[in-house]
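Engineer: model the structure of this input:
(one chain, ligands or ions: 1)
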Amino acid sequence: MTSLYATAENRPTIERDVVVIGAGPAGMMAAYTLKKAGKSVAVLEARPRVGGRTWNGKVQDASGKEHFIEIGGQWISPDQTRLIDLVEELGLTTFSRYREGQNVYVAPDGTRHTYSGDQLPVSDTTATEIDKLIDLLNTKVTEMDVTQPWAMPDAAQLDAISFRDWLKQHSDDQEAIDNVSIYIASGMLTKPAHTFSALQAILMAASAGSFSNLVDEDFILDKRVVGGMQSVSLKMAEYLGDDVYLSSPVRQLDWATTDPETADALNNVAADVRNGVVDDGAPAEVTAYSDTVIVQAKTAVLAVPPNLYHRIQYVPPLPREQMVAHQHISMGLVIKVHAVYETPFWRDKGLSGTGFGGGRMVQEVYDNTNYGPNLVDDHDAENPHGTLVSFISDVHAETMWALPAKERKQRILAELAAYLGDEALEPIAFFLSDMAAEEWTRGAYATSYDLGGLSRWGHLQNRPTGSIYYACSDIAAEGYQHVDGAIRQGELVAGRILERLQ
Ligand SMILES: Cc1cc2nc3c(=O)[nH]c(=O)nc-3n(C[C@H](O)[C@H](O)[C@H](O)COP(=O)(O)OP(=O)(O)OC[C@H]3O[C@@H](n4cnc5c(N)ncnc54)[C@H](O)[C@@H]3O)c2cc1C
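Structural biologist: Predicted coordinates for the structure are as follows:
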């Protein structure tokens, strides 16, 4: 079969052992591991940069000074050991998030309370309910094998009930539910708690080791990479050199021959791969057609988020179960808010910059001041600036994008002021990360299944299709939806491919 992409002229055709599609942390790690093991690779990346959802960015203040920000993923937690080791191997260093002083809690009635430690300053009854829900979730985590959540004995039941309704089954304290819910709904999956299942929520917690780890912001938001998380992919790109092809979206992937037995002459249906491909994962001939280069290889790594699988035309089409499953995976939605101030004024007031408020538009805020210097081009100089980061998830994000820019900014800054005081109303620079507007991502932070989808189709997500291997943080076990998960996935598929290419 031919198509526009297969027949377009003026592109070189190259041959490699493996073609990697997507230069996010997962694709880069796969290519880096394969090349170190002596295999030839080509990485085809749609964007004009590597790093995917990790992105070292800048924002300008009124005087023209540029301040460093991380538009995408940035934090590393202590359990994310594969990423921690890689950061060291690549010669990068990390620094800790500022967390000295009191945290702030804004209660449902709008009252503001300061506190220290993990325990939110709520009533004793609500505190007991929160502890009960956390214990329940921790128990469910111990029952789950994070590499196969669908195999949990009650997987189907847990996947048939929304996380919100599951919490409601176990508590009637709305403040407790809101404050437990934020760690997974707005805080991680960035979808409303009624749109994903309890099983999906338990997977999120299990992938971080326990639900308690998600609640502990000192754990989950522990460290950042000096110079930004995108540096991890940039360093691997240095090693890969000319093997990375930027601005090269893959439009078509030829991966198998059709199965003549499935042709239906009576209804004029051409042969397809409905019977599946025997020996999935075995090397075969694949051809990836991108805008700048055509790569012929023995195997392909599809390292793009699952919501974008359908952007590629597969020849022949993928087997029916994959085509069905992929329709039930979607991106969450979150705005990452960056506000830069003359100084980290909250520190002078004895505040850490950390704030929580379950049910509010801005449910979490943190001190995100950079390591040492904050200016993009002034790496050695000390400077006084401070940065806050906060997040606006799902329906709240939609509400914000519907507003005129000026009103949107005022509404968001008023939320920051509710936590840290009126000084928050006057940033010198302000930026909203909007990965939903990025054609090659289309949301944030990551993808998850519809209600019922994980137990039904999860078992397919890591299984190769013919000679196509899948790698992405969104189908990871440990480190699910995080850079660590992407790195683990890249390394895992590289290992499997190396075994098959022997
Ligand atoms: C705002 C935000 C904040 C986050 N915060 C954190 C955090 O603090 N800590 C953390 O660990 N994680 C965080 N994450 C998640 C983390 O960034 C992702 O889990 C990680 O980047 C996923 O890596 P990946 O390689 O699997 O996918 P991606 O990073 O999405 O990379 C996929 C790549 O594939 C490319 N691509 C897509 N389609 C094609 C095609 N057809 N042809 C060629 N290339 C294609 C894309 O351009 C992209 O470069 C955050 C994410 C966002 C968006």
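
Engineer: from the stretch 151-300 of the chain, which residue is nearest to the ligand?
Structural biologist: residue 250 (3.8 Å; CB to the nearest ligand atom). (Each C-beta comes from the backbone N, C-alpha and C, glycine too.)

Engineer: go ahead and confirm that residue touches residue 21.
Structural biologist: Yes - assessed by CB atoms under 8 Å, residue 250 is found in contact with residue 21 at 4.8 Å.

Engineer: enumerate the residues of the stretch 351-500 of the chain near the ligand.
Structural biologist: With CB under 6 Å from any ligand atom as the criterion, the stretch 351-500 of the chain meets the ligand at residues 433, 435, 440-441, 444-446, 472-473, 481-484, 486.

Engineer: of those residues, just the buried ones, ChimeraX syntax please.
Structural biologist: To isolate the buried subset of those in ChimeraX, counting by 16 or more other CB atoms under 10 Å, use the following:
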select :433,435,440,441,444,445,446,472,473,481,482,483,484,486
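
Engineer: what residues does the stretch 51-200 of the chain put near the ligand?
Structural biologist: 52, 53, 54, 72, 73, 74, 75.

Engineer: so which of those residues wins on neighbours?
Structural biologist: Within these, most neighbours by other CB atoms under 10 Å means residue 52, with 31 neighbours.

Engineer: just the element for it, please.
Structural biologist: Using DSSP states H and E, residue 52 is not contained in any helix or strand.

Engineer: turn the residues of the stretch 51-200 of the chain next to the ligand into a markdown table, including secondary structure, distance to residue 306 and pLDDT.
Structural biologist: Shown next, in a markdown table, are those (DSSP: H, G, I helix; E, B strand; the rest coil; distance: CB to CB, whole Å; pLDDT from 0 to 100):
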| residue | secondary structure | distance to residue 306 | pLDDT |
| --- | --- | --- | --- |
| 52 | coil | 13 | 98 |
| 53 | coil | 13 | 98 |
| 54 | coil | 18 | 98 |
| 72 | coil | 17 | 98 |
| 73 | coil | 17 | 98 |
| 74 | coil | 22 | 97 |
| 75 | strand | 23 | 97 |
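
Engineer: shared neighbours of residue 250 and residue 21, which are they?
Structural biologist: Both residue 250 and residue 21 are in contact with 44, 288, 312, where contact means CB atoms under 8 Å, 6 or more residues apart in numbering.

Engineer: return the member of these nearest to residue 150.
Structural biologist: residue 312 (25.5 Å; CB to CB).

Engineer: beta partners for residue 339?
Structural biologist: residue 388, residue 430 (DSSP bridges).

Engineer: what's the pLDDT at it?
Structural biologist: Looking at residue 339, its pLDDT is 98.

Engineer: got a list of what it touches?
Structural biologist: With contact set as CB under 8 Å, 6+ apart, residue 339 has these partners: 387, 388, 389, 390, 413, 416, 424, 427, 429, 430.

Engineer: from the ligand, how far out is it?
Structural biologist: Using CB to the nearest ligand atom, to the nearest Å, residue 339 is found at 15 Å from the ligand.

Engineer: tell me which two of the residues of the stretch 351-500 of the chain next to the ligand sit farthest apart.
Structural biologist: 440 and 484 (21.4 Å).

Engineer: and the residues of the stretch 351-500 of the chain next to the ligand, which of them are in helices?
Structural biologist: Among those, the ones falling in helices (DSSP state H) are 483, 484, 486.
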